[in-house]
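Engineer: got a sequence here, can you model it:
(chains A and B, ligands or ions: 1)
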Amino acid sequence: MSERLAKLIAEQTPVAGHRPWPRYEVDQAGWIVAAQALGEGGGDLLGLWGEKDFVHLALRVAGAATPCVISYRVKSADFPSVGRYHAPALRLERAVRDLYGHAPFSSPDRRPWLDHGAWGLRAPLGPRAPSLRRDPAAYDFLPALGEGLHQIPVGPVHAGIIEPGHFRFSVNGEIVARLEERLGYVHKGIDGLLTDTDMERASRVVARISGGSTVAYSFAFARAVEEALQIDPPPRAKILRGVMAEIERIANHLGDIGAICNDASFSLIHAHCGIFRERVLAAADRAFGHRLMMDRIVPGGTEDAGLGASRALQLMLDEIEKPFAEIVRLYDDTPSLQDRTCNTGVVSKELVEKWAAGGHVGRASGRNFDTRRDFPYAPYHDTHFDVPVFTAGDVDARVWVRICEIEQSIVLLRRWLANLPPGPARVELPNGTGEGIAMTEAFRGDVLVWVRVEGGRIARAHARDASWFQWPLLEAAIENNIVADFPLCNKSFNCSYSGHDL
Amino acid sequence: MRTLLLRSLFLRAVTVPAPRPDASPPPAEEAILAELGKALEVRTRRLFGRSITIREVDAGSCNGCELEIHALNNAVYDVERFGIKFAASPRHADVLLVTGPVTHNMRVALERTYAATPDPKWVVAVGDCAAGCGVFAESYATVGSVEKVVPVDLVIKGCPPKPIDLVKGLLELMDRATAKPAAKPPDQPAAQA
Ligand code: SF4
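Structural biologist: Numbers count the residues shown, from 1 in each chain, chains lettered A, B, ... in the order given. Predicted structure coming up:
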């Protein structure tokens, strides 16, 4: 089937001005061929999004060197469902219908996803038909039938300091028979805010899609815009971007490792990781003037780092590297902790391959993919680093992926900080027109950003978080585990709500 | 683990210490924190006897604000030593710390959380989004600032506010709370606790 898809693609002429991957406009038959190929394992789904008259599908055909985008012009307000053949597309399609009104026909799941009936509008980015507000709690959860099963509803407001979402557990005693997620609570209308707007506003919105990944999002957005306008940022900016991205990764992984151990009632590691994380953020603040480094990466380059930035960051690395190694040893040497993390929340390799799940979720279950290495971009394209891959697929493996990634990030940072290129960190943007796409590796996995620039303005942009392909696997991970292990599993995934809800 | 514990017997606490007359002055930010902490402790004691309890509600945030609120509990800021504690249930809370531009999809949940919080209660809107000047202001999907949904006693600006600003903000809340009672609920069903 993927040969049919490869043949179909070979026969198409790409749409002009889409870079660096080709974009093809296909007819209904072509769209269905792509959907079927995905369903038969002929490629990875990288994104699916809508605009007024189109739906777009980003995919990597198995064996092909570069990914591509396939577009279908929507006729009579619908398009052939991809989810019908390839389940990972289901939630994305439901989102497209909620926002634009394009209905995926013959989709097995017709329930709304982001639309909770609270907007007073149907298809707010499409026909904008007024609609009656409905009870936000009304939602058809899939039935779980069986003797002794009962339900536990959790959320949207959760017990910790975390984002909102609803989890519906069907349990048998303390064993989870099924978890179903309901998301969309923090939907802010980002696709709408990224339609017909100026570059500066768009950059600020993109930087706020998911606060913990602000660097990764701005990085992908900047690269997509630069591709569209065919400009090259200065060498200094390229390195600074890598520096910020790795600092962000370290800070988040530290937070996660601590939080996972805390949920396994081992607060000593949590306390230490909290201190390390604070040191990292304080150094980021000294070097870049913002603890999370928000708005520092912009199309055309970066805001320059402050004087003494590399010194501040190097000192921070010196300060945390050894004590972190000690904490890792402690994790490794504590059987009571591993008793909780090993064999808990296992995800199979088949599932992560099918969902093309990135980040620690994919790499803990044997999916050997990292955007930095596999779709290389500056400053990673000409430097070596290891991509840790584990196969157990449990909470423990997801912790280890994070630990090894921190170690690799430190290596990369030391290499770059010793040699920051001088010169300007930003170039002016021309007033051009074009389409661009880019993927960067956030701490959670791959973030994809697509843009259409017209006369220097953002005509339309879309961002897809790694979590879209990880949330559904959390439902699989918790199956047959005890309810009490859910926080542990959830933390080990740490999917983004805001990045997903958009 | 044993070495770690042993060593910690001889290490200085990472928590920002209260200034002592004989010690050399700590860095600026740490000094502020120590001072704020002292002041805050006095006020919490006076107002609540011993402590205040906070329930955090993300009403549509990008999660940036949550990351910094989290930091209040780490060993460096450690607000628990001042009598400030985060609770899992609004029923245990004195203060709601609300972030984000309130999304339409979170509106009801925020209203219900407010209603579930016993009187007297205070609401702190955290971050530029919650204050109403964030980038998500003009969207079909957002109601806007927290104030549009529940009465707000204090706004802490920043995108996101730094942990030190959050500590300062909580201090200000104490000041106001001692001066006047909690903001009156507006005439809307949401507030009928
Ligand atoms: S104020 Fe800034 S950090 Fe906080 S939720 Fe809004 S965008 Fe995110």
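Engineer: return the residues of chain B in contact with the ligand.
Structural biologist: Neighbours of the ligand within chain B, by C-beta under 6 Å from any ligand atom: B:61-62, B:64-65, B:99-100, B:127-129, B:134, B:159-160. For the C-beta atoms, the positions are set from N, CA and C on the backbone; glycine is no exception.
Engineer: looking at the residues you listed, which is nearest A:Pro104?
Structural biologist: The nearest member of those to A:Pro104, counting by C-beta to C-beta, is B:Cys62 at 28.3 Å.
Engineer: my read: that closest one touches A:Arg208, true?
Structural biologist: Yes. Taking C-beta atoms under 8 Å as the definition, B:Cys62 is a contact partner of A:Arg208 at 4.5 Å.
Engineer: shared neighbours, those two?
Structural biologist: The contact sets of B:Cys62 and A:Arg208 overlap at A:Thr214 (C-beta atoms under 8 Å, 6 or more residues apart in numbering or on different chains).
Engineer: more neighbours: which of these two?
Structural biologist: B:Cys62 (37 against 28; other C-beta atoms under 10 Å in any protein chain shown).
Engineer: what secondary structure does that one sit in?
Structural biologist: Under the three-state scheme (DSSP: H, G, I helix; E, B strand; the rest coil), B:Cys62 adopts coil.
Engineer: list the contacts for it?
Structural biologist: Contacts of B:Cys62 by C-beta under 8 Å, 6+ apart are A:208-211, A:214, A:498, B:100, B:129.
Engineer: in terms of helices and strands, where is the closest residue to A:Ile269 other than its chain neighbours?
Structural biologist: Once flanking residues are discounted, A:Ile269 sits nearest to A:Cys261: 4.0 Å by C-beta to C-beta, 6 or more residues apart in numbering or on different chains. Assigned by DSSP states H and E, A:Cys261 belongs to helix A:235-263.
Engineer: also A:Ser71?
Structural biologist: Going by DSSP H and E, A:Ser71 is in strand A:68-73.
Engineer: in that strand, what's buried?
Structural biologist: A:68-72 (16 or more other C-beta atoms under 10 Å in any protein chain shown).
Engineer: so which residues on the stretch 401-502 of chain A come close to chain B?
Structural biologist: A:496-498, A:501 (C-beta under 8 Å from any C-beta of the partner chain).
Engineer: got a quick PyMOL command for the buried subset of these?
Structural biologist: In PyMOL, selecting the buried portion of those, with burial taken from 16+ other C-beta under 10 Å, looks like this:
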select buried, chain A and resi 496+497+498+501
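Engineer: show me the residues of the stretch 401-502 of chain A next to chain B that map onto helices.
Structural biologist: Members of those lying in helices (criterion: DSSP state H): A:498, A:501.
Engineer: out of the residues of the stretch 401-502 of chain A next to chain B, the closest to A:Pro127 would be?
Structural biologist: A:Asp501 (22.0 Å).
Engineer: which of the residues of chain B next to the ligand has the most neighbours?
Structural biologist: B:Cys62 (37 neighbours).
Engineer: so how far is A:Val451 from that residue?
Structural biologist: To A:Val451, B:Cys62 is 20 Å away according to C-beta to C-beta, to the nearest Å.
Engineer: can you show me the helices along chain B?
Structural biologist: Using DSSP H, helices in chain B cover B:2-10, B:28-48, B:64-71, B:104-116, B:128-131, B:163-179.
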